[in-house]
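A.B. asks: The following block contains a protein sequence and its predicted model.
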Amino acid sequence: MKDTVLEVTNLVTKFKSADGLLPAVRGASFSVKKGETLCIVGESGCGKSITALSIMGLLPSNGRITDGSISFNNKNLASMSPKEMQKLRGNDVSMIFQEPMTALNPVFTVGFQIREPLMIHQKLSKKQAHARGIELLKMVGIPSPAERMNQFPHELSGGMRQRVMIAIALSCNPSLLIADEPTTALDVTIQAQIIDLLNDLKEKLDMSMIMITHDMGVVAEIADRVIVMYAGEVIEEGRVEEIFENPQHPYTKGLLSSVPNVDDPDFELKPIAGSMPMLNEKISGCRFHPRCPHAFDKCFSESPKTFSVTDKQNVRCWLQEEVGQNGGRRASSL
Amino acid sequence: MAVDEQVLYSVKNVKKHFPIKGGLLQRVKSHVKAVDGITLDIYKGETLGVVGESGCGKSTLGRTILGLESLTEGELVFNGKNISKYSARQLKPFKKEMQMIFQDPYASLNPKQRIGDALEEALIIHTQLSAQARREKVIKLLNEVGLKEEHYERYPHEFSGGQRQRIGIARAISINPSFIVCDEPVSALDVSVQAQVIKLLKDLQEKHALTYLFVSHDLGVVRHLCNRVLVMYLGQMVELAPVEKLYENPTHPYTEALLSAIPRPVVGRKRERIRLTGDLPSPSNPPTGCPFHTRCPIAKDHCATEKPVWRQIDDGHFIACHER
């Protein structure tokens, strides 16, 4: 059994708005083990990015964690001071963002930005940091790295920028890397390069990774375990094979049959009706019931408990209760 | 979906070059060859997919075909009439036949205009309907794309992305066009909503006998929706084939690489991925010879100097490659 690097318990993140405090994450619990890749899947507005930002302590000024704990290597990140977080961020935990052009600073050279974390966290001299920076750029597959150090972000292509971001994120050998849709803005051939690179590096450096994405194809390529989020809640979790081969929640099933299959000409597209609810929408019972084809009375009134399908796969859906009576097991209630 | 072999739109050696200006006097320094010699026939009732990476000129091709960009060179023949030299006045009846659905439904609607007014606009320009008849027609359109009558009075910010795209579709079909260019109509949408919009596009095509030019980078969506597919690279045609042939038997090395790069939603199946090294070269300074030779895994010496000819290798299957 590998040790747990990150344990998120009942995380609630709320945003202050004109309509009062709105919860974007409603009690999410999950864990990441050493060397494991966890994918968080969901559509925009499901709270997957906010979960990541909560872990990183990078929430916008109107958002804050109101409940739950985030335990990273036995330290609770949720109660850390901003100063302490700063020491951790970019050092033990780092993050890659979707759009590398907005994450990199356009007025500083690549070299400056890659030296910065090394000089701050690892107390290297500028010279040492420069040499290490060149090594890092080489590691992420950037040709002629010494010259790239003196270039500005706008001189690089999208794929190269994302490689630079990865090099910066990995500069201090983090034990956890959070990647928020790192390939969404890239072309497929470049996306394939970046996914291969992340997979290689993860193995080489033996780090844990949280990958946030909406692309089920990317999930299948990179994940060990998957959590599916909907409207701020974790609705299903399991090993990647379980999620793809035996999905239980109607939303997970819907997601899988909404993506046209490239290899199957007769694939029948079955869209999920409706769209993701707004943060301020009040929905009784299960948050998914207005879009669920199988919703019954109980779904309208009571929020579903978590049921376990196997020892790794859990699902939050009342349909499981009926299955449960025919032999399945019920998990601890949330 | 049966496709009769009747040509609706014929595109002949179309080129669109954008000038790059620079220096004190803003002199033209060079050109970005966004579309560089595309020749193809679009058949009535078909969906022709155009795929390629960003910067390959697929969107510019769509815009040029619709006359939203002026032609640098080439001919456009719509329904047997050469419209490439027509004036704006002469083009008006043709514009009624051709419409466009844009990628970003947030950017393509005027935030200060009610949905009903946005949909009526084309009817005012292209038809003689009375105000009452226009309103009825708009409500019919709203119903057709899965929206409700009450949405007539609303403003764009009150809609979700999927609903806005439905409005974009309603606007495109409002004057009964025969040809619609869909420029990445689903790529800004979430997957569950994306599937709804794809279904809607398919239903409308059957109902109104529409012809689509479907520009997309998503090869999964293209396989699902298109009859034929054109693969573009740096403004040039690389491969054109019926959809089954292209996916089952991709022949050009670029098409092969593109298909193998897509992440499949299937676990545990290790595929041999053809790794393309490097990035797309700049379209302002494309490589000589075959545009793909700088990244091609099977390139030979002559690929760098000689431009490959566009040739037919099978029924309806064309490629431009020296080696295949």
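C.D. replies: Here it is on my side, so go on.

A.B. asks: Need the three-state assignment for B:Trp237.
C.D. replies: Not quite, residue B:237 is Met, not Trp. Following DSSP: H, G, I helix; E, B strand; the rest coil, B:Met237 is assigned to strand.

A.B. asks: surely it meets B:Val50?
C.D. replies: No. Using Cβ atoms under 8 Å, B:Met237 is not in contact with B:Val50, being 9.8 Å away. Any C-beta I mention is one placed from the backbone N, CA and C, and that applies to glycine too.

A.B. asks: Among the two, which residue is more densely surrounded?
C.D. replies: Applying other Cβ atoms under 10 Å in any protein chain shown to B:Met237 and B:Val50 shows that B:Val50 carries more neighbours, namely 30 against 23.

A.B. asks: What helix or strand is the more buried one located in?
C.D. replies: Secondary structure from DSSP states H and E places B:Val50 in strand B:47-51.

A.B. asks: counting contacts, what elements does that strand pack onto?
C.D. replies: helix B:58-65, strand B:211-215, helix B:219-225, strand B:228-233 (3 or more Cβ pairs under 8 Å, 6 or more residues apart in numbering or on different chains; DSSP states H and E).

A.B. asks: what ranges do the strands span in the stretch 151-300 of chain A?
C.D. replies: If DSSP state E, counting those that start in this stretch is used as the criterion, the strands of the stretch 151-300 of chain A fall at A:176-180, A:208-213, A:225-230, A:233-239.

A.B. asks: got it, and chain B?
C.D. replies: For chain B, the strands defined by DSSP state E occupy B:7-22, B:27-43, B:47-51, B:73-78, B:81-82, B:98-101, B:179-183, B:211-215, B:228-233, B:236-242, B:310-314, B:317-320.

A.B. asks: so what strands line up beside the shortest one?
C.D. replies: Each strand that pairs with strand B:81-82, with its direction, by DSSP bridges: strand B:73-78 (antiparallel).

A.B. asks: Identify the bridge partners of the nearest residue to A:Ala52 once chain neighbours are set aside.
C.D. replies: In this structure, A:Ala52 finds its nearest non-sequential neighbour in A:Ile178, 5.0 Å apart by Cβ to Cβ, 6 or more residues apart in numbering or on different chains. Beta-bridge partners of A:Ile178, counted by DSSP bridges, are A:Met95, A:Ile210.

A.B. asks: Redo the strands of the stretch 151-300 of chain A as JSON lines? Include mean pLDDT.
C.D. replies: As requested, those are exported to JSON lines (pLDDT from 0 to 100):
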{"stretch": "strand A:176-180", "mean pLDDT": "94"}
{"stretch": "strand A:208-213", "mean pLDDT": "94"}
{"stretch": "strand A:225-230", "mean pLDDT": "95"}
{"stretch": "strand A:233-239", "mean pLDDT": "95"}
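
A.B. asks: any chance of those in a markdown table, plus mean neighbour count and distance to B:Leu201?
C.D. replies: Shown next, in a markdown table, are these (neighbours: other Cβ atoms under 10 Å in any protein chain shown; distance: least, Cβ to Cβ, whole Å):
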| stretch | mean neighbour count | distance to B:Leu201 |
| --- | --- | --- |
| strand A:176-180 | 24 | 30 |
| strand A:208-213 | 24 | 25 |
| strand A:225-230 | 25 | 26 |
| strand A:233-239 | 25 | 29 |
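
A.B. asks: so which of those strands comes closest to B:Gly67?
C.D. replies: strand A:208-213 (38.5 Å; Cβ to Cβ).

A.B. asks: elements contacting that closest one?
C.D. replies: Partner elements for strand A:208-213 (3+ Cβ pairs under 8 Å, 6+ apart): strand A:4-17, strand A:20-33, strand A:37-41, helix A:48-56, strand A:176-180, helix A:188-205, helix A:216-222.

A.B. asks: so which of these gets nearest B:Glu158?
C.D. replies: strand A:4-17 (17.1 Å).

A.B. asks: Which strands or helices does the closest one pack on?
C.D. replies: With contacts taken as 3+ Cβ pairs under 8 Å, 6+ apart, strand A:4-17 sits against strand A:20-33, helix A:48-56, strand A:63-72, strand A:208-213.

A.B. asks: Partner strands of the helix or strand following the third one, with direction?
C.D. replies: The reference is to strand A:63-72. Using DSSP H and E, the helix or strand that follows strand A:63-72 in sequence is strand A:75-76. Here strand A:75-76 has these sheet partners by DSSP bridges: strand A:63-72 (antiparallel).

A.B. asks: Find out how far the strand it pairs with is from the centre of the chain, if you would.
C.D. replies: Relative to its chain's centre, strand A:63-72 lies at 16 Å (Cα atoms, centre = their mean, to the nearest Å).

A.B. asks: List the buried residues in it.
C.D. replies: Neighbour-count burial for strand A:63-72, counted by 16 or more other Cβ atoms under 10 Å in any protein chain shown, picks out A:63, A:65, A:68, A:70-72.

A.B. asks: can you tell me the average pLDDT over it?
C.D. replies: Strand A:63-72 carries an average pLDDT of 93.

A.B. asks: got the angle between it and strand A:20-33?
C.D. replies: Between the axes of strand A:63-72 and strand A:20-33, defined by axes from the mean of the first three to the mean of the last three Cα atoms, to 10 degrees, the angle is 20 degrees.

A.B. asks: For B:Ser84, give me its contacts.
C.D. replies: Residues in contact with B:Ser84, defined by Cβ atoms under 8 Å, 6 or more residues apart in numbering or on different chains, are B:71, B:74-77.

A.B. asks: err, B:Asn110, not the other one
C.D. replies: B:118, B:156.

A.B. asks: For chain A, see how far away it is.
C.D. replies: B:Asn110 sits 22 Å away from chain A, going by Cβ to the nearest Cβ, to the nearest Å.
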